[in-house]
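S.K.: Kindly generate the corresponding structure for this input.
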Amino acid sequence: MNLTNFIRSTVLKSHKVEAARIELRCLIGVSILVVSALTIFALFGCAQPRDAYYFVISQSGNPYWQVIKQGIEETGTKKGITPTVVFADLAGKDNPNWFNVILSQRPKIIVFGGLPPKEEAEYIRLADREGIKVAEVNFDPTPSNEAKKANIDLAFCVLANHESVGKRAAEFVAATKKRPDPKILIIGGPPGNAFSEGRANGFKVAIKNLVPQAHVVATVYASWDRAKAEGLVKESLAANPDLDFIYAVNDGMALGASDAVQAAGKGKQIAIIGVDATLAARKAIKAGTLAATLIQVPYWMGIETCEKAADVGKGVSVEKQESVPVLLISKEVIESKKDPLLQYLR
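M.R.: Have a look, this model is predicted:
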């Protein structure tokens, strides 16, 4: 190879190396741009999703709301939507502006439930002001009542009614009483608690109509505490040894009542009714130490809420007001397996 050709070859190789370097730098630059774009999308691209459905609920430690969440999420898949369930009591700890973030995403609808009534009513007002459809799933009618007062049109309301739980308990007493004038003890939660008062008052009104000769010997308050309920029942049995029924407005207190009744050897005489259909209560019913328990099925509430929200988001008309049915569970109901609401127990 002569000198001229050698120089040409060397220059050509040098150009190729430089071209390769330029190409590599370009590839690296493009890669950085792509990664940056993907990062930006991941962080902000969801700021305005096309079909966001939010369910803002509270009491993350409450098993009722956890089951409602389960019903919402499992139904979302069937309805072709991706529901986002936010526990407000947790979201506020992570980001004080969490609700503004939700509003910025312009969701199809926001369904609220279980927050402190005044706080929830304010969130409803803020969402409505932004032109976002709002709805309610709740055990407390206060937020929906506040929305009505403010002329806010709720897309729908799925509402549990505590009085209807008490009424169903009274119907059970009327159907199973052994004498026309049964004696009944009512065990409430904390005095003044809306849930407790609703369940107790619903029972009192219904039993007066269904069994006029029935006698409520007393209403005692055990503040949701099993041991306290047991002690109160022991005292009541001393004053009323011929008691026929005990209606406790939650299962924990019903189980406490059962402890006292069994200790007194009056398990066959006194029928005990609880509320919430906890696993412990259902086991007690099978064992014969509780007569019945009632529940406004939370999984059903989650399903119904998600179905309605999906329909509203798609422009389908829905029933504005939906009352949550009450399931009464007794040994007969468990064994017959005929009540369709049993499928929603979790």
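
S.K.: okay but Leu345 is in contact with Trp300, surely?
M.R.: No: using C-beta atoms under 8 Å, Leu345 makes no contact with Trp300, being 9.4 Å away. Heads up, the C-betas are built off the backbone N, CA and C, glycines and all.

S.K.: These two: who's more crowded?
M.R.: Neighbour count, other C-beta atoms under 10 Å: between Leu345 and Trp300, Trp300 has more, with 22 against 17.

S.K.: what separates the more buried one from Asn62, distance-wise?
M.R.: Taken as C-beta to C-beta, to the nearest Å, the spacing of Trp300 relative to Asn62 amounts to 17 Å.

S.K.: got it, and Val275?
M.R.: 15 Å.

S.K.: Which one of these two is surrounded by more residues?
M.R.: Set Val275 next to Asn62 and count neighbours by other C-beta under 10 Å: Val275 wins out with 29 against 15.

S.K.: Give the phi and psi angles for that one, as a check.
M.R.: Main-chain dihedrals, Val275, degrees, to the nearest 10: phi -140, psi 140.

S.K.: mind listing what it touches?
M.R.: Residues in contact with Val275 (C-beta atoms under 8 Å, 6 or more residues apart in numbering) are Val165, Ala169, Arg199, Ala248, Val249, Asn250, Asp251, Ala254, Thr293, Leu294, Ile295.

S.K.: Just the ones in helices from those, please.
M.R.: Secondary structure assignment by DSSP state H places Val165, Ala169, Arg199, Asp251, Ala254 of the contacts of Val275 in helices.

S.K.: these two touch, right, Cys157 and Gln321?
M.R.: Yes: the criterion here is C-beta under 8 Å, and Cys157 meets it with Gln321 at 5.5 Å.

S.K.: ok, the two, which is more surrounded?
M.R.: Comparing Cys157 with Gln321 by other C-beta under 10 Å, the one with more neighbours is Cys157, at 24 against 11.

S.K.: So what pairs up with the more buried one in the strands?
M.R.: Counting by DSSP bridges, Cys157 forms beta bridges with Glu136, Gln321.

S.K.: List the residues that contact it.
M.R.: Applying C-beta under 8 Å, 6+ apart to Cys157 gives the contacts Ala135, Glu136, Val137, Asn138, Ser144, Lys320, Gln321, Glu322.

S.K.: Skip the chain neighbours and tell me the closest residue to the spatially most central residue of the chain.
M.R.: Taking C-alpha atoms, centre = their mean, the centroid of the chain lies closest to Trp65, which sits 2.8 Å from it. Among residues not flanking Trp65 along the chain, Gln59 sits closest, at 4.8 Å (C-beta to C-beta, 6 or more residues apart in numbering).

S.K.: before we move on, the earlier item: need the ones in helices among the contacts of Val275 in TSV with pLDDT and distance to Ala218, can you?
M.R.: Shown next, in TSV, are the ones in helices among the contacts of Val275 (pLDDT from 0 to 100; distance: C-beta to C-beta, whole Å):
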residue	pLDDT	distance to Ala218
Val165	97	20
Ala169	98	16
Arg199	97	16
Asp251	98	20
Ala254	98	16
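
S.K.: nearest to Gln262, of those?
M.R.: Gln262 lies nearest to Ala254 out of the ones in helices among the contacts of Val275, by C-beta to C-beta, at 12.4 Å.
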